[in-house]
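>>> here's my sequence, what's the structure:
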Amino acid sequence: MKKLFQYHETYLVIIILLLSIIITSINSNFMTAENMFDILKSNSFVGIMAIGMLLVLISGGIDISFAAIATVGQYVMALFIIRFGGNIFTALAISAVIGTLLGMINGLLIYYFRIPSIITTIATMNIYYGFLIVFTGGRWIYSLPDWFRKFAEIRLITFYNSNGIPYGLSVVTFIWILIVISVILILKYTILGRSIYALGGDRKSSLRVGFNIFLTETFVYSFMGFLSGIAGVVQALLVQTVAPNSIVGKELDVIAAVVLGGASLTGGKGSVFGAILGVALLAILRNGMTLMAVPAVWFQFLVGVVILVSIGFSSYQSKIKSRGTSVIDVLEETA
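As a prediction, this is how the structure comes out:
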């Protein structure tokens, strides 16, 4: 038990359980299978981008442009399938390729010019988003193909509530699950995954050891772009419209979820499980406030409070660990 409580994720699980109990005591509709499946589906969009942001933060960087990349990929995808037709694989491929290319531009700029990642991605965010607004004139797209709408309604597992209304595991949620599994395998079982942690831990040391910094850094931002493209399609599947300003502004939710999950803004630290728990905590907060009839304006306030408490607690734990290390070092020097 003592070892278990050394992990940040353990405290997140406890907070989520306590929060769930409180919300359920106020509104019993919260802790139902139907509501849980609905939360998973509606937060798949944020969850997919959170997985990409996790890799960026572990590598020691940060990306602010992913929402703009998702918007560009989503809009181009919508224009293409409306004009030329296609299927869901066409839609995902178009948006993912565009996202990967735009993400790769971020990675190349950061690697070759050594501009801080936050500055680079703020600049490219404005470039990508500004170009889209100029190109589209801010027009919304409503007339998406019927097959696009029908795909969003697919459930891999179906149940029925007491009123006979179907619910279950959405194909949209399944896309998120596949991405989660893929990233777990990358981080845990590949040299690329180890190089991402090494890059975030100490750039110079990872270079001396022999890790390919160019490949690692370019991959991280390209992969963030790739997942942004996928997330753009997922968001369009959920709302069945495409608007140039519908995704931009979600950066705080995504970064907050990953940081809440234990990822360090200085790099070298973070886990997929923690990122999922961070997304779950914010999703439960939002859903619980709705069920408890709390005004939505309080959500951002609560997110800020939760982030401060979470980061403060993590910093306090790190401080205690560093004190222990310092005492050991002093004893060794004395000996």
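>>> which residues of the stretch 51-200 of the chain fall in helices?
66-84, 88-113, 117-136, 146-152, 171-189, 191-201 (DSSP state H, counting those that start in this stretch).
>>> the first one packs against which elements?
With contacts defined as 3 or more Cβ pairs under 8 Å, 6 or more residues apart in numbering; DSSP states H and E, helix 66-84 has these neighbours: helix 44-58, helix 88-113, helix 117-136, helix 213-239, helix 251-260. Bear in mind the C-beta positions are built from the backbone N, C-alpha and C, glycine included.
>>> now it, how far from the centre of its chain.
Relative to its parent chain, helix 66-84 has a centroid offset of 19 Å by Cα atoms, centre = their mean, to the nearest Å.
>>> the last one too?
Centroid displacement of helix 191-201 relative to its chain, using Cα atoms, centre = their mean, is 19 Å.
>>> got it, and the second one?
Between the mean C-alpha point of helix 88-113 and the mean C-alpha point of its chain there is a distance of 16 Å (Cα atoms, centre = their mean).
>>> and for stretch 153-166?
Distance of stretch 153-166 from the chain centroid (Cα atoms, centre = their mean) equals 27 Å.
>>> which one of the helices and strands packed on helix 66-84 is the most hemmed in?
Highest mean neighbour count among the helices and strands packed on helix 66-84 (mean count of other Cβ atoms under 10 Å): helix 44-58, with a mean of 27.
>>> rounded mean pLDDT for that helix, please.
The average pLDDT for helix 44-58 rounds to 96.
>>> tell me what angle it forms with helix 251-260.
Angle, helix 44-58 to helix 251-260, by axes from the mean of the first three to the mean of the last three Cα atoms, to 10 degrees: 60 degrees.
>>> rewinding a little: which stretch among the helices of the stretch 51-200 of the chain comes nearest V239?
Nearest to V239 among the helices of the stretch 51-200 of the chain is helix 146-152; the distance by Cβ to Cβ comes to 9.3 Å.
>>> check contacts around the residue nearest the centre of the chain.
Centrality entry for the chain: nearest residue to the mean C-alpha point is A50, 0.8 Å, by Cα atoms, centre = their mean. Counting by Cβ atoms under 8 Å, 6 or more residues apart in numbering, A50 touches V254, A257, V258, G261, A275, I276, G278, V279.
>>> pull the most distant pair out of the residues you listed.
Farthest-apart pair in those is V254 and I276; separation 12.8 Å (Cβ to Cβ).
>>> so who does the nearest residue to A231 once chain neighbours are set aside touch?
Counting by Cβ to Cβ, 6 or more residues apart in numbering, A231 lies nearest to I48, which is 4.3 Å off, once chain neighbours are set aside. I48 makes contacts with I175, W176, I179, L227, I230, A231, V234, as judged by Cβ under 8 Å, 6+ apart.
>>> tell me which of these is nearest to Y221?
L227 (10.9 Å).
>>> that closest one touches I51, doesn't it?
Yes. Counting by Cβ atoms under 8 Å, L227 touches I51, with 6.3 Å between them.
>>> spit out the residues that contact the two alike.
Residues touching both L227 and I51 by Cβ under 8 Å, 6+ apart: I179.
>>> any weak-confidence spans in the chain?
Applying pLDDT under 70 to the chain picks out residues 1-2, 5, 310, 313-314, 317-318, 321-335.
>>> on that earlier part again, and the helices of the stretch 51-200 of the chain: which comes nearest R286?
Closest among the helices of the stretch 51-200 of the chain, using Cβ to Cβ: helix 171-189, at 16.7 Å.
>>> quick one: list the elements packing against that closest one.
Contacts defined by 3+ Cβ pairs under 8 Å, 6+ apart place helix 171-189 against helix 33-42, helix 44-58, helix 146-152, strand 155-160, helix 191-201, helix 213-239, helix 272-291.
>>> what's the third one in contact with?
It stands for helix 146-152. So helix 146-152 is contacted by I81, N87, I88, A91, S170, V171, V172, A236, L237, L238, Q240 (Cβ under 8 Å, 6+ apart).
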